[in-house]
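This is a predicted model, with the sequence first.
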Amino acid sequence: MKTLKKYFKKRTSVINFLLEQKQQSYSPDTFHKLRVEIKRLKALFDLLDYCTKKFKRNKIFKPFKLIFKQGGKVRELQIEESLIKEHSTTHLPVEYSTHLKKNQIKEQTHFFSILNKAFTKKLNNKYRKILPFLSKINKKKLNNYRYKKRTKIEKLLSQNNLEIKKIHKLRKRLKAYLYNQQSLNSDKQIKLIRKNNILPELLGEWHDYTVITEHLKKTIASDVISSKEINKLDNIILVFTSKSELLFTKINTALPYPDFFKNLKTK
């Protein structure tokens, strides 16, 4: 399909542009944009896996997964630092701030060690292998795929209360679905959905606070921080836990949500 080919080429062009940036020019926003672009490709690969034969999704995605996962480690530490600064009434705990910076440098060094010419060449080879599959997608299978994914999301949205595991599922499924809608030129409808409800935003915020709280707990358990600073981190954990619980309640309060897709018509 021409639309999917155009979308795919745009994604690969942006990914190549981001990967070609000099190390010193990488910002938290660069890491964020790169991960979003890879998530869009991952969603497209899921669609291809359903709609075409012989498409080996896991094998194709393997190199992308490598940089996505490592970039995620960097990104989580960046978000953690940002949120702690946002919610701290005083300066960041000195020891923990140093520990956080060291971890960021360590993970960033590993990230950039992956990005060499051989790796870039491997990605470009993958791009060439993917293009022929995009031509083999027919509209019937495409609509079946969208219906199947949408039905699974609607099943979760129709429930009154979701457990943590199901909220994680909802977040991932909804994000992948919206990305694939964008790939089919449904951008206006996507914007309308985001304007008329805050569920995707709530899911994202809840995930950030949950992940960071768990990381803080693991850091405390590792005995790399003094008892004096542990007290400060415990207070931060209390704030983040409260935020996470509030967001969890807000998400479930918005459910059931049977009209979520009312402005998102399938072509």
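Ah, there it is. Numbers count the residues shown, from 1 in each chain.

quick one: average confidence on stretch 160-172?
The average pLDDT for stretch 160-172 rounds to 92.

Report the buried residues of that stretch.
Across stretch 160-172, burial judged by 16 or more other C-beta atoms under 10 Å covers 162, 167, 170-171. Using the backbone N, CA and C atoms, a C-beta is placed for each residue, glycine as well.

and if you look at stretch 204-213?
205-213.

and for it, what are the contacting residues?
76, 79-80, 83-84, 164, 167-168, 171, 237, 240-241, 243-244, 247-248, 251 (C-beta atoms under 8 Å, 6 or more residues apart in numbering).

Tell me the buried residues within those.
For these, a burial check counting by 16+ other C-beta under 10 Å picks out 76, 79-80, 83-84, 167, 171, 237, 240, 243-244, 247-248, 251.

Would you convert these into JSON lines that also reports distance to F45?
Shown next, in JSON lines, are those (distance: C-beta to C-beta, whole Å):
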{"residue": "E76", "distance to F45": "23"}
{"residue": "I79", "distance to F45": "26"}
{"residue": "E80", "distance to F45": "29"}
{"residue": "L83", "distance to F45": "31"}
{"residue": "I84", "distance to F45": "35"}
{"residue": "I167", "distance to F45": "24"}
{"residue": "R171", "distance to F45": "19"}
{"residue": "I237", "distance to F45": "37"}
{"residue": "F240", "distance to F45": "33"}
{"residue": "K243", "distance to F45": "33"}
{"residue": "S244", "distance to F45": "31"}
{"residue": "L247", "distance to F45": "30"}
{"residue": "F248", "distance to F45": "30"}
{"residue": "I251", "distance to F45": "28"}
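
between these, which is nearest K129?
Relative to K129, the closest of the buried ones among the contacts of stretch 204-213 is R171; by C-beta to C-beta it sits at 29.9 Å.

which residues touch that closest one?
Counted by C-beta under 8 Å, 6+ apart, R171 has contacts 203-204, 206-207.

which of those residues sit farthest apart?
G204 and W206 (7.3 Å).

Name all residues that make contact with I79.
By C-beta under 8 Å, 6+ apart, the residues touching I79 are 28, 208, 212.

For the second one, give me the pLDDT.
Here the pLDDT value assigned to D208 is 96.

give me the low-pLDDT residue ranges for this protein?
89-91, 185-197, 262-267 (pLDDT under 70).

ok, now with 80
Flagging of the chain using pLDDT under 80 yields the residue ranges 1, 88-92, 185-197, 257-267.

Now do the helices in it.
When secondary structure is read from DSSP state H, the chain shows helices at 2-19, 28-51, 57-87, 94-114, 117-134, 139-157, 164-183, 187-196, 199-221, 227-253.

Please report how far the residue nearest to P63 when sequence neighbours are not counted lies from K69.
Leaving out its chain neighbours, the residue that sits closest to P63 by C-beta to C-beta, 6 or more residues apart in numbering is K122, at 5.4 Å. With distances taken as C-beta to C-beta, to the nearest Å, K122 is found 16 Å from K69.

could I get the contacts of I79 as TSV with distance to K232?
Listed next are these as TSV, based on distance: C-beta to C-beta, whole Å:
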residue	distance to K232
P28	23
D208	20
I212	15
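
and of the residues you listed, the nearest to S88?
Taking C-beta to C-beta as the measure, S88 sits nearest to I212 out of these, at 13.0 Å.

Name the residues of stretch 120-128 that come out as buried.
123, 126-127.

Return the alpha-carbon coordinates of that stretch using PDB.
Provided in PDB are the C-alpha atoms of stretch 120-128 (Å, rounded to 0.1, in the frame of the first residue of the first chain):
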ATOM      1  CA  THR A 120      23.600   1.500  10.700                       C
ATOM      2  CA  LYS A 121      24.300  -0.700   7.700                       C
ATOM      3  CA  LYS A 122      22.300  -3.500   9.400                       C
ATOM      4  CA  LEU A 123      19.300  -1.300   9.900                       C
ATOM      5  CA  ASN A 124      19.400  -0.100   6.300                       C
ATOM      6  CA  ASN A 125      19.500  -3.700   5.200                       C
ATOM      7  CA  LYS A 126      16.400  -4.400   7.300                       C
ATOM      8  CA  TYR A 127      14.600  -1.400   5.700                       C
ATOM      9  CA  ARG A 128      15.200  -2.900   2.200                       C
END
